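>>> here is a sequence with its predicted model. Questions after.
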Amino acid sequence: MTAEPPPFNDSINFRITAAIVASALFMQNVDGTVVATALPSMARDMHTNAVYMSSAITSYLISLSVFIPLSGWVADRFGARRVFMWAIAIFTVSSCLCALTGNVVELVIARLVQGIGGAMMVPVARLLVFRSVRRDQLLSATTWLTMPAMIGPLAGPPLGGVLTDAWSWQSVFWINLPVGIAGLLLTYRYVPAVPGEDAAPPDLRGMLLVGGALTALMIGIETIGRGFVATTVPIASFVVGGSLAWVSVRHCRKSAHPILDLDLLAIPTFNVATLGATLFRAGAGALPFLVPMLLQLGFGLSAATSGTISLASALGSLCMKSLTRFALHWFSVRAILITSTLLFAIMLAVCATLSARWSAAAIFALLLFGGLTRSLNFACIGALAFADVPKAKLSSATSFQGIAQQLPKAIGVAIAAGALQVSMSLANRTNLEHGDFVFAFLTLAVVVALSIPSLAGLPAEAGDGISQPAKRRTAQPDGSFDATLPRKEH
């Protein structure tokens, strides 16, 4: 007879459970960056152009975008621990399938399945911990949950490079096997089972419509002008995707509980943080895809060296977290967003000048600066999105933002790959050269810069309560300032 797990509120057991959840989240966070470093090696083994490997990233991100909104209902209906274990199992098995694939199509299918596991793993892990901890353990729980998100992107690029050089690209997927098995066993042993409960069914029709639209449109973007499928495939994909998108909008407008609450877009701050920031997120999401390819295929660096240099962007993001509060103390959200977006676009344009003459330290410094500006922008956008959302709409806004954060990354990678393909086609070449990367970086710089008009349309007071710019703080009789600003109520 199996012994019941010890009570969750036991301090030692809490730390064990938090560590188990953090390890699973670390595995998922590392996967987001470890694969990009191995893409050139994958392309060589699969005898295909490295540009086509972009689908290995976009397929995973699309799967995440589609299934994240479903995760909350699944956890409520079937129990958080059970769903978490299934998520780990799906992610682990699909990782092994990725390692066993022999062509791009097989890899894309395996990555789609892996995205389902990842989509369930992260939100359910948070739910599992926060529903079970005592109030005095909330800070500790938050620390355990945020640590993988900070360390994962740092560890991913160099880990992927070292594994690829020392063994093979398959090893970046095989490493998930022991971690996943350990996570399953420890979760079963230490995490208490929480019974499922009746929950309102999700908008399955809306999920299928939105998922179908996104998949069809991304197939069109990934195949247009590539030459490895009939020209009718991308055309048909755009027609089908556009039609499904139109039907999806009509459905979401009429449904009582839609997968995407489009009424939220009537809130100016949410609209800008969701739609207006899409182009910035796209440019930021493409950077981890382009840089390792440029360093390996353009400059001939090893995967390990490429990964070490690439971690600069994640390191910059980590460093900016402590500086964000300072920036918000002195400047408005609108000013920070416009400035950080402009600086990031300039950084991408400077990336177009990268050559073998640049030292590794100089490239590292440039990417570090890019990580700083990107993190500052993301921090403000993330807070702005929920600044004016009524409490009754927070759940819908969270699901909407989950898609809005993941999907632009896929769009950015697709744009970058498309730019590389266009440059090769114009030069009548089939292999990547340095000039192709120049065109791709300049394209991304323009894409990011195009988000500035939307950000500039924000009112000056947008985000009051998030930032406390000195010129709008209220002077007190003793000469001090009241940094507490009124928050809009709905």
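Perfect, I can see it now.

>>> over to the closest residue to Gly300 other than its chain neighbours. Which of the three states is it?
Leaving aside its chain neighbours, Gly300 sits nearest to Ala356 (7.8 Å; criterion: Cβ to Cβ, 6 or more residues apart in numbering). C-betas here are computed from N, CA, C, even on glycine. Secondary structure assignment for Ala356 (DSSP: H, G, I helix; E, B strand; the rest coil): coil.

>>> how near is Ala356 to Met320?
29 Å (Cβ to Cβ, to the nearest Å).

>>> in the chain, where's the longest helix?
Counting residues, the longest helix in the chain under DSSP state H turns out to be helix 11-45.

>>> related to what we said a few turns ago, wait, the residue nearest to Gly300 touches Leu301, no?
No - at 9.2 Å, Ala356 does not count as touching Leu301 under the criterion of Cβ atoms under 8 Å.

>>> comparing these two, which residue is more hemmed in?
Leu301 (20 against 10; other Cβ atoms under 10 Å).

>>> return the residues in contact with the more buried one.
Leu295, Ile309 (Cβ atoms under 8 Å, 6 or more residues apart in numbering).

>>> now it: how far from Val291?
Counting by Cβ to Cβ - Leu301 and Val291 are separated by 11 Å.

>>> give me the common contacts of the two.
In terms of Cβ under 8 Å, 6+ apart, Leu301 and Val291 are both contacted by the residues Ile309.

>>> the most centrally placed residue in the chain: which element?
The residue lying closest to the centre of the chain (Cα atoms, centre = their mean) is Gln406, at 4.5 Å. Per DSSP states H and E: Gln406 is located in helix 394-426.

>>> which elements pack onto that helix?
Here helix 394-426 touches helix 55-78, helix 204-223, helix 278-293, helix 360-385, helix 434-449, going by 3 or more Cβ pairs under 8 Å, 6 or more residues apart in numbering; DSSP states H and E.

>>> dump the ones you listed to TSV, plus mean neighbour count.
Output for the helices and strands packed on helix 394-426, formatted as TSV (neighbours: other Cβ atoms under 10 Å):
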stretch	mean neighbour count
helix 55-78	23
helix 204-223	20
helix 278-293	26
helix 360-385	21
helix 434-449	21
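
>>> which of these sits closest to Asn271?
Of all the helices and strands packed on helix 394-426, it is helix 360-385 that lies closest to Asn271, at 9.5 Å by Cβ to Cβ.

>>> same question for that closest one, mean pLDDT?
Mean pLDDT, helix 360-385: 86.

>>> swap in stretch 165-174?
In the prediction, stretch 165-174 has an average pLDDT of 89.

>>> same check, this time on stretch 391-409
Stretch 391-409 comes out at a mean pLDDT of 79.

>>> for it, list every residue counted as buried.
Buried positions in stretch 391-409, judged by neighbour count with 16 or more other Cβ atoms under 10 Å: 393, 396-409.

>>> just stretch 168-187 next, same as before
169-176, 179-180, 183-184, 186-187.

>>> could you report the neighbour count for Arg357?
Residue crowding around Arg357 was assessed by other Cβ under 10 Å; the count is 8.

>>> leaving out chain neighbours, which residue sits closest to Thr278?
Using Cβ to Cβ, 6+ apart, the nearest residue to Thr278 is Pro408, at 4.8 Å.

>>> for that neighbour, give its distance to Val239.
23 Å.

>>> what do you get for Ala273?
The value you get for Ala273 to Val239, if Cβ to Cβ is used, is 31 Å.

>>> neighbour count: those two, which is higher?
Shown here are Ala273 and Val239; by other Cβ under 10 Å, Ala273 has more neighbours (30 against 12).

>>> now do the same for the more buried one: its pLDDT.
85.

>>> can you report phi and psi for it?
phi -70, psi -20 (degrees, to the nearest 10).

>>> wait, isn't it in contact with Ala385?
Yes - judged on Cβ under 8 Å, Ala273 makes contact with Ala385 at a distance of 3.7 Å.

>>> overlap in contacts of the two?
Taking Cβ under 8 Å, 6+ apart as the criterion, Ala273 and Ala385 both touch Gln401, Ala404.

>>> returning to that earlier point: now the buried residues of stretch 168-187 as TSV including secondary structure and distance to Tyr60?
Below are the buried residues of stretch 168-187 laid out as TSV (DSSP: H, G, I helix; E, B strand; the rest coil; distance: Cβ to Cβ, whole Å):
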residue	secondary structure	distance to Tyr60
Trp169	coil	15
Gln170	coil	17
Ser171	helix	18
Val172	helix	13
Phe173	helix	12
Trp174	helix	17
Ile175	coil	16
Asn176	helix	13
Val179	helix	18
Gly180	helix	16
Gly183	helix	19
Leu184	helix	21
Leu186	helix	25
Thr187	helix	23
